[in-house]
Each structure stands twice: as C-alpha cells, then as structure tokens.
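*Asks:* Requesting a structural model of the entry that follows:
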Amino acid sequence: MNKRITIEEAVSKIKDGDTIMVGGFLAVGTPESLIDALVAKGVKDLTLICNDTGFVDRGVGKMVVNKQFKKIIASHIGTNRETGRQMVAGETEVILTPQGTLVEQIRAGGNGIGGFLVKTGLGTEVQKGKQIINVDGEDYLLEKPMRADVAILFANKADENGNLWYHGTTRNFIPLWQPRRTGLWSKLMKSFQLASFRQMKSSSQAFSFTISCKELNNGNG
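*Replies:* Numbering: from 1, shown residues only. Model (predicted):
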C-alpha cells in the first residue's frame, strides 16, 4: 500500500473551518513548506492551536498575516505583532492559555482524559467561564482536553511505520501533537518521506501514510 502523498494532496484535506494543531516553538519545529502551501491555498476560518504564533515571516505567523484564522489558542503572541493587532481590532479571537495548561490539554485530548485540575489561572482572566472544583478545601480550575481535525509538524526523519525522529530543540512539544488526531502530517528535512498517523474520530481504525517532499539543504523546510 502506497502511503505517500504530495504536500498539495495533504493540504487539500484541510478545509475551511477546520481546527489545526501546529508544532513548533517560535517557529522551530514548524513545517514551513506545509505552512507555505496552506498560505497559497488560502484556506480560511481556521482555529489554530499552537504554542505561539511565530513571526510575521516565519511559522504560522505567515498564515496570521494572511488572515486565515478566526480563532487562535496559544500561550503567547508577543513575537508576532500582527496577531496582537488582529486581537485588539477584534478581527481574530485570541485565547491566551498558560503554556503548561495548553500542553496538558493537548496531551489529555490525545490520551482520552476527560479533564484535569490546576491552580494556574485562579483569580485571573484565565478563570472566566471555567468550572471551579474544590478538593480537600483547595480550589482548582477544571481544564478540558483539546483536540483538532489535523496536526502538522516538522521532523528530521521518519520510517515507513510513521515513527518520527527530531533533532535537538526541534522536538519541543511535538510528540504530544501526535496521538489520536484525525490527520497528522509531518514535514521532513529529507526528501524520502513525511510520516503521519490518521485516526478518524468516529472509528477505532487507524490509518498511516507519508508525504513525499523536496529535499532540503537546511532549516525547517
């Protein structure tokens, strides 16, 4: 069974209104070629789940500049002035989430955990609209799991079984993006393959495939 598809085929599966998770920390570990293809496609009204919004000319920041997101869920946006401008202008909904909470929400969503309790955010804007649960006299916020239709990320290499290898800090939070997504595409540094796992929300069956891509000399291609 041929598990390879082109970058064009991969982005064709991402539709207007989808929720996407994008790997990376300040664009390190972000699949730039897939981002560029999504910019070219012009898919819109997306919800983004990401650690941050990169820079105006790097990472998911290019999609922010292209106004492709209706909602952004991130731990910070300070390196991309366009994200802040859109938030203040009311053009894009931005939900700022403590980094540790965001990562645990993603992990919970991928591992079938219904929610978890944290003190982070109590008495702040983070608390608004969330359930407070008292345990042994201590208040906690109930944080719910986070899931996406598609996750895209960058890896240095992969095998035909979809196992991914990362170099240094390009790994960051990326392994938590992998479990139980409807689609997962990973842009590789080498041309031979791009690994992904696909698991439909309505089925226990899992499908894996790889995306072929052009060879890169360096960087996060």
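*Asks:* When you work out contacts or count neighbours from here on, use the C-alpha atoms and nothing else.
*Replies:* OK.
*Asks:* Please enumerate the helices of the chain.
*Replies:* Counting by DSSP state H, the chain has helices at residues 7-12, 32-41, 61-65, 81-89, 99-110.
*Asks:* Worst mean pLDDT among those helices?
*Replies:* In terms of mean pLDDT, the lowest-scoring of the helices of the chain is helix 7-12 (a mean of 82).
*Asks:* If we go by neighbour counts, what in it is buried?
*Replies:* Ile7, Ala10, Val11 (16 or more other C-alpha atoms under 10 Å).
*Asks:* Equivalent analysis for stretch 108-116, please.
*Replies:* Residues of stretch 108-116 classed as buried: Ala108, Gly109, Gly110 (neighbour count, 16+ other C-alpha under 10 Å).
*Asks:* Let me know the outermost residue of the chain.
*Replies:* Gly137 (35.8 Å; C-alpha atoms, centre = their mean).
*Asks:* Got the phi and psi for it?
*Replies:* When read as degrees, to the nearest 10, the backbone of Gly137 gives phi 80, psi 0.
*Asks:* Tell me how far it lies from Phe25.
*Replies:* Noted for Gly137: a distance of 37 Å to Phe25, by C-alpha to C-alpha, to the nearest Å.
*Asks:* can you check Asn156 too?
*Replies:* Distance, Asn156 to Phe25, using C-alpha to C-alpha: 16 Å.
*Asks:* do Lys41 as well
*Replies:* 24 Å.
*Asks:* more crowded one of those two?
*Replies:* Phe25 (20 against 13; other C-alpha atoms under 10 Å).
*Asks:* Strands of the protein, residue ranges please.
*Replies:* Using DSSP state E, the strands of the chain run over residues 4-5, 19-22, 46-49, 69-74, 93-96, 116-118, 132-135, 138-143, 150-155, 157-158, 164-165, 183-188, 195-199, 206-211.
*Asks:* coming back round to it: okay, the helices of the chain in TSV with distance to Gly54 next?
*Replies:* Converted to TSV, those look like this (distance: least, C-alpha to C-alpha, whole Å):
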stretch	distance to Gly54
helix 7-12	20
helix 32-41	11
helix 61-65	5
helix 81-89	9
helix 99-110	15
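*Asks:* With respect to burial, which of these scores highest?
*Replies:* helix 61-65 (a mean of 23; mean count of other C-alpha atoms under 10 Å).
*Asks:* Which other helices and strands does that helix contact?
*Replies:* Counting contacts by 3 or more C-alpha pairs under 8 Å, 6 or more residues apart in numbering; DSSP states H and E, helix 61-65 is packed against helix 32-41, helix 81-89.
*Asks:* Quick one: residues in contact with that helix.
*Replies:* Helix 61-65 is contacted by residues Ile35, Asp36, Leu38, Val39, Thr53, Gly54, Phe55, Val56, Phe69, Asn80, Glu82, Thr83 when judged by C-alpha atoms under 8 Å, 6 or more residues apart in numbering.
*Asks:* Point to the helix or strand of this structure where mean pLDDT is at its lowest.
*Replies:* strand 206-211 (a mean of 31; mean pLDDT, DSSP states H and E).
*Asks:* picking that back up, quick one: which of the strands of the chain has the weakest pLDDT on average?
*Replies:* strand 206-211 (a mean of 31).
*Asks:* gap between Thr97 and Arg58?
*Replies:* 22 Å.
*Asks:* Likewise for Gly121?
*Replies:* 30 Å.
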